[in-house]
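Engineer: sequence plus the predicted model coming up.
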Amino acid sequence: MATIFAQWLISVSIAILHPFYVSVIEIDHNTKEATAEISVRIFTDDLEKTLQKNTTATIDILKPKNKAIIDQQINQYISKTLQLKINGKAVKLNYIGYEIIKESTWSYFEVVEIKEMNTVDINCAILHDFETSQINLFHVKSKGNQKSYKLDYPNKSTSFSF
């Protein structure tokens with residue numbers, strides 16, 4: 001009995017010491033506006049640590065001294081680590097902004113002039129420079145259908161067809 005308890009205690013301790021590293025990326029085709037709306041949810045502390053690697057300035061997303069600098073850092077990082085092709089063409093992510101919801105930072109982007117979204121090809125390395133157990137979950141909606149996919153590190157690419 002003591003051995004089973006010891007094994008359980010070790011398993012629980014390992015789980016506590018090694019949290020999950022998950023980001024959620026949602027891509028939603030807005031037919032009315034002819035846009036693809038993208039939201040990227042990343043745990044704030046993980047995003048801060050990753051952004052900190054690329055600058056000598058102190059990164060504080062929750063209480064920024066200069067929000068414009070944080071906006072610029074988030075935009076540059078996501079644009080570098082998330083590339084999309086919609087209907088076979090590379091698209092530019094237009095940064096809208098970010099907000100904090102509980103323990104996560106939600107970043108918002110938009111791709112304009114997307115009348116139809118038949119295919120989405122994704123190349124994503126979000127937080128791959130931070131954690132080798134990173135998981136990026138995708139939820140893509142088009143034509144009334146939603147499809148989801150999980151990318152485990154080191155995998156970076158997936159495709160959706162509608």
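Structural biologist: All right, it came through fine. The structure displayed is predicted, hence computed values, not measured ones.
Engineer: residue ranges for the helices of this structure, please.
Structural biologist: All helices of the chain, identified by DSSP state H, fall at 2-17, 44-52, 67-81.
Engineer: I'd like to know which of these has the weakest mean confidence.
Structural biologist: Ranked by mean pLDDT, those bottom out at helix 2-17, with a mean of 47.
Engineer: where does the protein have low pLDDT?
Structural biologist: By pLDDT under 70, the weakly predicted segments of the chain are 1-18.
Engineer: let's see that with 80 instead.
Structural biologist: Along the chain, segments meeting pLDDT under 80 span 1-20.
Engineer: find the nearest non-adjacent residue to Ser133, please.
Structural biologist: Tyr21 (5.4 Å; CB to CB, 6 or more residues apart in numbering). For glycine as for every other residue, the C-beta is placed from the backbone atoms N, C-alpha and C.
Engineer: tell me, how many residues neighbour the one you found?
Structural biologist: By the measure other CB atoms under 10 Å, the count of residues near Tyr21 is 18.
Engineer: likewise for Arg41?
Structural biologist: So Arg41, with other CB under 10 Å, has 17 neighbours.
Engineer: looking at it, it is touching Ser23, isn't it?
Structural biologist: Yes - contact status for Arg41 versus Ser23: in contact at 6.2 Å, counting by CB atoms under 8 Å.
Engineer: all strands of the protein, in order?
Structural biologist: 21-30, 35-43, 82-86, 89-91, 94-101, 104-111, 119-124, 134-142, 145-152, 157-161 (DSSP state E).
Engineer: make CSV out of those strands and add distance to Asn54.
Structural biologist: Shown next, in CSV, are these (distance: least, CB to CB, whole Å):
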stretch, distance to Asn54
strand 21-30, 17
strand 35-43, 15
strand 82-86, 15
strand 89-91, 23
strand 94-101, 16
strand 104-111, 16
strand 119-124, 18
strand 134-142, 17
strand 145-152, 22
strand 157-161, 23
